[in-house]
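**Student:** Provided below are the primary sequence and the corresponding predicted coordinates.
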Amino acid sequence: VQSNIHFPWAMTLDGTPFPSTDLSPPEQWDALPLAARIQIVLFVGFLEFYSELTPGEGVDSGLPHYTKGGKVGKYPTFDAIP
């Protein structure tokens, strides 16, 4: 499902606009600069990595993994990070 949200400001510092909503989602992805695509993939990868840092079985603290009864998309808090 494609949303028709389009931000009115420039996407990059050189003034490049966001991809048009007339494009399909794969075409919009391809229209993003390589640096933006890498940033998105790394951020999602970080969230997945961080969610895997929860303690394993037999530990009272932390969240259970989503394959072991935890909720999909629920991440540990970032409160413990200095």
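**Tutor:** Thanks, I have it.
**Student:** How much space separates the residue sitting nearest the centre point of the chain from N4?
**Tutor:** The centroid of the chain falls nearest to V44 when counting by Cα atoms, centre = their mean (3.6 Å). From V44 over to N4 the distance is 23 Å, taken as Cβ to Cβ, to the nearest Å. The C-beta positions use only the backbone N, C-alpha and C, and glycine is treated the same way.
**Student:** And for V72, the neighbour number?
**Tutor:** 7 (other Cβ atoms under 10 Å).
**Student:** Distance check, A36 against T67.
**Tutor:** Spatial separation of A36 from T67 under the definition Cβ to Cβ is 31 Å.
**Student:** So which of the two has more stuff around it?
**Tutor:** Per other Cβ under 10 Å, whichever of A36 and T67 has more neighbours is A36, with 15 against 7.
**Student:** Okay, and that one sits in which element?
**Tutor:** helix 34-51 (DSSP states H and E).
**Student:** Tell me the spacing between V41 and W29.
**Tutor:** V41 sits at a distance of 11 Å from W29 (criterion: Cβ to Cβ).
**Student:** more crowded one of those two?
**Tutor:** Here V41 and W29 are set side by side on neighbour count (other Cβ under 10 Å), and the busier one is W29, at 13 against 10.
**Student:** Now for W29: which residues touch it?
**Tutor:** Listed by Cβ atoms under 8 Å, 6 or more residues apart in numbering, the contact set of W29 reads R37.
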